[in-house]
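Engineer: sequence and predicted structure are below.
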Amino acid sequence: MPDVPLLEVRDLVKHFTARPGRGRRTVAAVDGVAFTVREGETLGLVGESGSGKSTIGRLVTRLLRPDRGEIRLAGRDVAALSARAMRPHRRDVQLVFQDPYSSLNPRHTVGDILGMALRVHDTVPKPQVASRTRELLGQVGLDPAHAGRYPHEFSGGQRQRIGIARALAVQPRLIVADEPVSALDVSIQAQVMNLLEDLRADLGLAFLFISHDLAVVRHFCDRVAVLYRGRIVEIGGRDQLYTDPRHPYTQTLLAAVPDIAWLRGGGVRRSRDVPPSAPAVEPGPQPGCRFRARCPVAVPVCAESEPALTVRADGHQAACHVR
Ligand SMILES: Nc1ncnc2c1ncn2[C@@H]1O[C@H](COP(=O)(O)OP(=O)(O)OP(=O)(O)O)[C@@H](O)[C@H]1O
């Protein structure tokens, strides 16, 4: 089935109930999202803090269950599968977390961590677990002789390499990388990005790459989706999107790149430093374009209906009544 995307997401919805003790208020974290990722392709997901990027990553890896929608992995809808029924599919999609400090169990050696990942899915026969563990460490640029060390004995960049090795252990077809370098020192970020590039080239891996860093996304991704308060407002090929952005929000984001500290701050950059684009909690559903209050080109129709994504050129789509 060459035409079936590796990942196809349709009408994905996830709402959270905030502070249930103080009245029911709902956060529409993901509010009707659709996209595809083809075998070996890299789709970037960008947007300000609170736009729903991580929630999409957690839904696609089924750490979260969606309220509605389809998540098709190689044609099979896994959106509603129970944890047990999901198990065989977990091999295909692995998550690399933002924070390599908290995602590794401090009580286990690196060899144990990788060994467990290998055994969970019977990726290799038992007698080969140790040699495959050493191979994985080498593949991510770590010394295989350090398999007996604990996570705290490694630097931040090395720990992220261990997280990547753990994801690779089950031979996934798609990696969801959620801000994989934003918790690292700037000097280390490029090294980890180079590793991801090499793995993509060598293993033909597909990526859903979540990031605030528009420069990194431009470098790494084939296509880019721009998320605004739970919806994709623009999606297209990297070059089209960066050179000819159509949605006013994308234009605002790109215009801010050279001089906004939160996109390329000095020292350590953390996504939580990014101010939310708008109040995260809505009083209730409102008609119209969700960007209109900030939009420099809004017209009356923008208050009436939410614009749908429409094709502008060659697969490039934007959701705007005006542009
Ligand atoms: N478990 C949860 N319970 C309640 N609200 C949540 C939960 N997880 C996420 N949210 C809310 O959903 C919205 C989207 O959050 P999400 O973390 O997906 O955004 P993000 O774009 O990844 O932001 P960041 O870049 O800051 O990580 C936010 O308003 C967030 O507060």
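Structural biologist: Now that the structure is in, tell me what you want to look at. Everything quoted here is computed from the prediction, not taken from an experiment.
Engineer: G204: neighbour count?
Structural biologist: Per other Cβ atoms under 10 Å, the neighbour tally for G204 reads 11. Where C-beta positions appear, they are placed from N, C-alpha and C, glycine not excepted.
Engineer: in terms of pLDDT, where does the residue lying closest to V120 once chain neighbours are set aside sit?
Structural biologist: Spatial nearest neighbour of V120, chain neighbours left out: V170 (7.4 Å); criterion: Cβ to Cβ, 6 or more residues apart in numbering. We note a pLDDT of 93 for V170 in this prediction.
Engineer: hmm, V124 and V170 touching each other?
Structural biologist: No - using Cβ atoms under 8 Å, V170 makes no contact with V124, being 10.1 Å away.
Engineer: check the gap between the spatially closest residue to Y150 that is not a sequence neighbour and the ligand for me.
Structural biologist: Nearest residue to Y150, sequence neighbours excluded (Cβ to Cβ, 6+ apart): T109, at 5.8 Å. Applying Cβ to the nearest ligand atom, to the nearest Å, the value for T109 to the ligand is 30 Å.
Engineer: distance of the residue nearest to V120 relative to the ligand?
Structural biologist: In terms of Cβ to the nearest ligand atom, V170 sits 24 Å off from the ligand.
Engineer: so for the protein, the centremost residue is which one?
Structural biologist: The centroid of the chain falls nearest to I210 when counting by Cα atoms, centre = their mean (3.3 Å).
Engineer: what is it paired to in the beta sheet?
Structural biologist: L45, D178 (DSSP bridges).
Engineer: start and end of stretch 310-323, how far apart?
Structural biologist: End-to-end distance of stretch 310-323 (Cα to Cα, to the nearest Å): 10 Å.
Engineer: got the buried residues for that stretch?
Structural biologist: For stretch 310-323, the neighbour count (16 or more other Cβ atoms under 10 Å) marks R312, H316, Q317, A318, A319, C320, H321, V322, R323 as buried.
Engineer: report the beta-bridge partner residues of the third one.
Structural biologist: The one in question is Q317. Per DSSP bridges, the residues bridged to Q317 are I235, V311.
Engineer: any idea how far A215 lies from the ligand?
Structural biologist: For A215, the distance to the ligand - Cβ to the nearest ligand atom - is 16 Å.
Engineer: which helix or strand lies directly C-terminal to the helix or strand hosting that residue?
Structural biologist: In this structure, A215 sits in helix 214-220 according to DSSP states H and E. Next in sequence after helix 214-220, counting helices and strands by DSSP H and E, comes strand 223-228.
Engineer: contacts for that next one next, please.
Structural biologist: 33, 35, 41-48, 51-53, 56, 217-218, 232-238, 241-242, 247, 249-250, 253, 277, 290-291 (Cβ atoms under 8 Å, 6 or more residues apart in numbering).
Engineer: what count of nearby residues applies to the spatially closest residue to R134 that is not a sequence neighbour?
Structural biologist: Nearest residue to R134 in three dimensions, chain neighbours excluded: P144, at 3.7 Å (Cβ to Cβ, 6+ apart). Each residue near P144 was counted by other Cβ under 10 Å, and the total is 15.
Engineer: make sure P144 is actually in contact with R132.
Structural biologist: No - at 10.6 Å, P144 does not count as touching R132 under the criterion of Cβ under 8 Å.
Engineer: on that earlier part again, ok, the residue nearest to R134 - contacts?
Structural biologist: P144 makes contact with T133, R134, E135, L137, G138, according to Cβ under 8 Å, 6+ apart.
Engineer: quick check: phi and psi on it?
Structural biologist: When read as degrees, to the nearest 10, the backbone of P144 gives phi -60, psi -20.
Engineer: ok, now how distant is it from H108?
Structural biologist: Going from P144 to H108 by Cβ to Cβ, to the nearest Å gives 17 Å.
Engineer: same deal with R76?
Structural biologist: Using Cβ to Cβ, R76 is found at 32 Å from H108.
Engineer: same question for L214.
Structural biologist: 36 Å.
Engineer: cool, E306 as well?
Structural biologist: Taking Cβ to Cβ, one finds E306 at 47 Å from H108.
Engineer: what's the answer for P180, then?
Structural biologist: Distance, P180 to H108, by Cβ to Cβ: 21 Å.
Engineer: now swap in L64 and tell me
Structural biologist: Where H108 is concerned, L64 sits at a distance of 25 Å (Cβ to Cβ).
Engineer: these two: which is more packed in?
Structural biologist: L64 (17 against 14).
Engineer: next one, pLDDT for that one please.
Structural biologist: L64 is given a pLDDT of 95.
Engineer: now do G266
Structural biologist: Listed pLDDT for G266 reads 38.
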